[in-house]
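*Asks:* Sharing a model that was predicted from the sequence below.
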Amino acid sequence: MPTLKNWAARHPDKVAVRVAFTETTVTYRALDRRANSVTQLLMSMGLKSEDGVAILLENDPTYFELVWGARRNGIYYTPISTHLKPDEAAYIVRDSSAKILFVSANFPEAIAALKLDNPAGCIIIVLGERIEGTLDYRTELAKFGDYIEIPDGPVGKDFFYSSGTTGQPKGIKQPLFRNIAQAQSSGDWVRDNFKFDEESIYLSPAPLYHGAPLRFTMRTLESGGTVILMPKFAADKALAAIETYRVTHSQWVPTMFFRLLALPEDIRRGADLSSHKCAIHAAAPCPPEIKEQMISWWGPILWEYYAGSERNGATCLSTEEWLSHKGSVGRACVGKVHILDEDKGELGPREIGDVYFEGPSFVYHNDPEKTAKSRNDKGWSTIGDVGYVDEDGYLYLTDRRSHMIISGGVNIYPAEIENRLSMHPAVEDVAVFGIPNREFGEEVKAVVQLKDPSLASPAFAQTLIAFCKESISNVKCPRTVDFETEMPRQENGKLFKHVLKKRYLQSASAA
């Protein structure tokens, strides 16, 4: 399959990346040349294969030159959420052992946090306005105007962080690709199932610091297509982008479907979506009624897939398959699915157990215990989901082994929130869990036992939420706080969280 360099030679003036509804475009020739300069920059700073860089940047075409430049030199690249608190972002930079942080000037607090605690001497390169004590990206890149040939060798790979059950983010690391051919073939399941090719025009409405948006935009560019990048999701703009740019492919999370379906009827029905061939969704469960509404509107072009940042396996299914296997997330397209009981014995069709993949390997960075717990003696791995397969091999997810909350496609772990709330002087005990939310799939609920029960009130609930937001990203904080006079705990201190959660599930069912 052609490389970026080949595509640049084949159609140099073709638009590789376009920022929706702006004049900003990047051709294949420009992307290839700038990525080549990034590779030279990394080499000049002493980075070699297996080293890492971190990226804290808005949805900007520069993302792609940084990633392509890192890939060519066998460098791991770690995207960082722009919604993290400064200390959270700095922690990921340090824990990943990134040699360089490429960061937008719009995040001065994160830059300051890393400057305060930077034992490994990570180099900070700023995109945008100059900041004292850092390097300027444009100035550094301008030193490498000549194009050089880069020999084939290990190819860099993403190194994403996902929140851990202890509240600290955990890096998910896979072995580098041995060469370009292996790197290209890793995307065959995307091209084969979703039909990506050089005619594809892919709309990316989500942040590039998430795994799926970055990986799928890279697959588009590997295929010689065009990426339409939205700086920020807005339902009306996304719909207009499909019509304006004749989008053929797109990817969504269920929350975006809610926003699209909420648009006025005349706007929804008036949009020309005739170019749209494939709408992919993942990241969180989609309520069947919402998916049915989207199919009724867009037609049988919806594809769903299930995979984790760990990339240990994947399943997918078409609209037609979903209609005959409602609730399924598809059959394996990467690796092989196994359902195991608590003793690691394999279960039969429709027997519920832990979902394991016999597929690609990964490790949790700096956490051998968590890595070991994700394996069985055959080397199959799990990311903590529970489900079953039917007689046709379709996978159905029923629960998560951990208490992880998925809200709007974002993974949230309760421990970090519980730890924060427990620090409030008025809080005696706390439990955090997910409850159903029609739009986001789940929302974060906190149940608190106060030292002085008389303080319980809606106003004090808002005080606790604000206390959370002082040190934790807003997306992780509880949307609501309820109060209990006494938590259901065993004598040994174990909290019966399921007792609390069951009340809210029953309430939701009754509603």
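*Replies:* Sure, I can see it.

*Asks:* Arg331 contacts Glu391, correct?
*Replies:* No - Arg331 is beyond contact range of Glu391, at 11.8 Å (criterion: CB atoms under 8 Å). Using the backbone N, CA and C atoms, a C-beta is placed for each residue, glycine as well.

*Asks:* so which strand or helix has Ile242?
*Replies:* helix 235-244 (DSSP states H and E).

*Asks:* any idea how far the next helix or strand after that helix is from the chain center?
*Replies:* Per DSSP H and E, the first helix or strand lying C-terminal to helix 235-244 is strand 249-252. From the chain centre to the centre of strand 249-252 is a distance of 14 Å (CA atoms, centre = their mean, to the nearest Å).

*Asks:* Pretty sure Glu88 sits in a helix.
*Replies:* Yes - counting by DSSP: H, G, I helix; E, B strand; the rest coil, Glu88 is found in a helix.

*Asks:* Can you get me a residue count around it?
*Replies:* A count of nearby residues for Glu88, using other CB atoms under 10 Å, gives 22.

*Asks:* I'd like to know how far it sits from Met423.
*Replies:* From Glu88 over to Met423 the distance is 16 Å, taken as CB to CB, to the nearest Å.

*Asks:* can you check Val190 too?
*Replies:* Counting by CB to CB, the gap from Val190 to Met423 is 44 Å.

*Asks:* These two - which one has more neighbours?
*Replies:* Neighbours were counted for Val190 and for Met423 using other CB under 10 Å; Val190 has more, 24 against 12.

*Asks:* That one is in contact with Met218, isn't it?
*Replies:* No - using CB under 8 Å, Val190 makes no contact with Met218, being 9.7 Å away.

*Asks:* if we can go back for a sec, the helix holding Ile242 packs against which elements?
*Replies:* Counting contacts by 3 or more CB pairs under 8 Å, 6 or more residues apart in numbering; DSSP states H and E, helix 235-244 is packed against strand 201-204, helix 254-261, helix 265-270.

*Asks:* and those as TSV, adding mean pLDDT, mean neighbour count and distance to Met487?
*Replies:* Formatted as TSV, the helices and strands packed on helix 235-244 follow (pLDDT from 0 to 100; neighbours: other CB atoms under 10 Å; distance: least, CB to CB, whole Å):
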stretch	mean pLDDT	mean neighbour count	distance to Met487
strand 201-204	98	25	43
helix 254-261	89	20	31
helix 265-270	95	10	46
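
*Asks:* right, so of those, which gets closest to Leu317?
*Replies:* Across the helices and strands packed on helix 235-244, Leu317 has its closest neighbour in helix 254-261 (15.5 Å, CB to CB).

*Asks:* From the contact counts, what lies against that closest one?
*Replies:* helix 235-244, helix 288-298.

*Asks:* Excluding its own residues, what touches it? List them.
*Replies:* Helix 254-261 is contacted by residues 205-206, 233, 235, 238-239, 268, 281, 283-287, 290-291, 293-294, 297, 408-409, 438-441 when judged by CB atoms under 8 Å, 6 or more residues apart in numbering.

*Asks:* That one vs helix 235-244, what angle?
*Replies:* Angle, helix 254-261 to helix 235-244, by axes from the mean of the first three to the mean of the last three CA atoms, to 10 degrees: 80 degrees.

*Asks:* Extract the CA atoms of helix 254-261 and return them as CSV.
*Replies:* The C-alpha coordinates for helix 254-261 follow below in CSV (Å, rounded to 0.1, in the frame of the first residue of the first chain):
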residue,chain,number,x,y,z
PRO,A,254,-24.0,8.1,20.6
THR,A,255,-24.1,11.5,22.3
MET,A,256,-23.6,13.1,18.9
PHE,A,257,-26.6,11.1,17.5
PHE,A,258,-28.7,12.7,20.2
ARG,A,259,-27.5,16.2,19.2
LEU,A,260,-28.2,15.4,15.5
LEU,A,261,-31.7,14.1,16.1
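
*Asks:* For Ser37, pull up the helix or strand it's in.
*Replies:* Using DSSP H and E, Ser37 maps to helix 28-44.

*Asks:* got it, and Val355?
*Replies:* strand 353-358.

*Asks:* name the helices or strands packed onto that strand?
*Replies:* Using 3+ CB pairs under 8 Å, 6+ apart: strand 353-358 touches strand 336-340, strand 385-389.

*Asks:* what's the last one packed up against?
*Replies:* Helices and strands in packing contact with strand 385-389 are listed as strand 336-340, strand 353-358, strand 395-400; criterion 3+ CB pairs under 8 Å, 6+ apart.
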